[in-house]
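K.L.:
my questions are about this predicted structure, shown below with the sequence.
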Amino acid sequence: MQLRFHTVIITLLAVLFSGCTLKKSTEVYSHLWQTWEAMDQLVQPDFPDAPPVILIHGWNGGEFTWPPATELIRMEQQLQRDIYFFTYRTGIIANRYPPIEILEEKLDRFLGRYKQVDIVAHSMGGLLLRQYLSHHADNPVRRVVFLSTPHFGTRAARLLAELGSLQAEGNIQAQEIQPGSDFLWTLNSSEGSELAGHAVLNIFVTGGESWYEGDIIVDAASAWLPWGVNMTVEGNHHLGRRLLQIPAIMRFLRDGTLPASEDIQTTPRAWVRFIDARSGNPVSFSPTSITHVDHKGRTQKDFSVCCDARSGLFPSGGNTLVLDNVQPDDVYIFYPRQKGIGKIRIRGKQILQAGRPVSLKEWPLPATD
């Protein structure tokens, strides 16, 4: 528990202070005023007849997720288009921040004023955008840039959800972006249908040589999007600050030009749900219901079960087996709680899907009298 607590603290510090430098209070005060004045200038419409670019921040983000307003003003001039922020309630302290399914309606009202837009979404902001698109087929979105988006969840959210559980309200947004959550299962089981008809550029960071290098919040398997053009860059999680430094983004926003999609290699992962034959609903189970025997006959504990707390606006009532390293000849043994059903043996090759960073598999249980 003490080691896990230290990991939580390290994760929080990485999110909060990555890229920060120490300054005198007078320098900070002067800089903030200059920033606010530039932001006021930025949000003034200069190109009302052109589709604007909308920036959607992620968890614990805001206007400061992005480059300084002076740089964004220069970006406006280069693109000859307005740039606007979409912000919403989110934060690091466990609180009553709305679930992503509620935030999508705020995004719908915001975008309703435009005939056509291009969107750049960072981290959890990308999940919010995908959620919006999945329920609003009649939308003005033309092009989408995802930056460091945890399409298949992030381990950091598990730690944040655990930290949030110390308060009665919990951390709802963290619970939703855990690997295997109800929210992410529903979102990804649609096989990217919400992105059909949109040009999609998905950019993320590959791992560094050390544990603190690269994107320590969202790894490649989570960030890889099977339903868009994928591109990797060097750096850290805060890609939103580098909009003008990634030429592919500017080309894409300017004229829709997409780079060739990269062939991403990751460790095979899978999410498995066991489905009750009568109700058709997922069943609940605990880690003690699972045994993993690898291809060499060794028992492993390299899996988890999501989730302890509610992880979606419309919970399924069951759990998800989250497998972080699936080999074709590995065996997973499930011991159901239902009477009359013996243990279930599943080989890794039965749950892996080609071309998927994370395979989603529903496993039906035998019917009983």
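P.N.:
Looks like it came in fine. Numbers count the residues shown, from 1 in each chain.

K.L.:
pretty sure K343 is touching Y332, no?
P.N.:
No: with contact defined as Cβ atoms under 8 Å, K343 and Y332 do not form a contacting pair (10.5 Å). Where C-beta positions appear, they are placed from N, C-alpha and C, glycine not excepted.

K.L.:
more neighbours: which of the two?
P.N.:
Neighbours were counted for K343 and for Y332 using other Cβ atoms under 10 Å; Y332 has more, 23 against 10.

K.L.:
who's in contact with the residue nearest to the more buried one when sequence neighbours are not counted?
P.N.:
Of all residues not flanking Y332 in the chain, I346 sits nearest, at 4.7 Å (Cβ to Cβ, 6 or more residues apart in numbering). Taking Cβ atoms under 8 Å, 6 or more residues apart in numbering as the criterion, I346 is in contact with 272, 331-334, 363.

K.L.:
of those residues, which belong to strands?
P.N.:
Judged by DSSP state E, the contacts of I346 include 272, 331-334, 363 as members of strands.

K.L.:
out of those residues, which end up buried?
P.N.:
Buried members of these, counted by 16 or more other Cβ atoms under 10 Å: 272, 331-332, 334, 363.

K.L.:
now, which of these sits nearest V322?
P.N.:
Lowest distance from V322 to these (Cβ to Cβ) belongs to V272, with 8.3 Å.

K.L.:
touching, F85 and W66? I think so.
P.N.:
Yes: shown here, F85 and W66 form a contact pair, counting by Cβ under 8 Å, at 7.5 Å.

K.L.:
ok, these two, which is more surrounded?
P.N.:
Using other Cβ under 10 Å, the more surrounded residue of F85 and W66 is W66, with 23 against 18.

K.L.:
pLDDT value on that one, please?
P.N.:
W66 is assigned 96 on the pLDDT scale.

K.L.:
mind putting the buried ones among the ones in strands among the contacts of I346 in a markdown table, distance to R298 and pLDDT included?
P.N.:
Below are these laid out as a markdown table (distance: Cβ to Cβ, whole Å; pLDDT from 0 to 100):
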| residue | distance to R298 | pLDDT |
| --- | --- | --- |
| V272 | 20 | 98 |
| V331 | 11 | 97 |
| Y332 | 14 | 97 |
| F334 | 18 | 96 |
| W363 | 23 | 96 |
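
K.L.:
now stretch 76-93: buried residues?
P.N.:
Using 16+ other Cβ under 10 Å as the test for burial, stretch 76-93 gives 76, 79, 81-83, 85-86, 88, 90.

K.L.:
centre of the chain versus stretch 306-325, how much separation?
P.N.:
15 Å (Cα atoms, centre = their mean, to the nearest Å).

K.L.:
typed the wrong thing, it's stretch 68-83
P.N.:
26 Å.

K.L.:
who touches that stretch?
P.N.:
So stretch 68-83 is contacted by 35, 38-39, 41-42, 45-48, 50-55, 63, 66-67, 243-244, 250, 253-254 (Cβ under 8 Å, 6+ apart).

K.L.:
how about the strand or helix carrying L128: buried residues?
P.N.:
Assigned by DSSP states H and E, L128 belongs to helix 124-135. By neighbour count with 16+ other Cβ under 10 Å, helix 124-135 contains the buried residues 124-134.

K.L.:
which of the three states applies to the residue sitting nearest the centre point of the chain?
P.N.:
The chain has P150 as the residue nearest its centroid, 2.5 Å off, counting by Cα atoms, centre = their mean. Here P150 is recorded as coil under DSSP: H, G, I helix; E, B strand; the rest coil.

K.L.:
I'd assumed S222 was in contact with it.
P.N.:
Yes: P150 is in contact with S222 according to Cβ under 8 Å; the separation is 4.7 Å.

K.L.:
what is the neighbour count of P45?
P.N.:
Other residues within reach of P45, judged by other Cβ under 10 Å, total 10.

K.L.:
leaving out chain neighbours, which residue sits closest to it?
P.N.:
In this structure, P45 finds its nearest non-sequential neighbour in D82, 5.6 Å apart by Cβ to Cβ, 6+ apart.

K.L.:
fine by me, thanks again.
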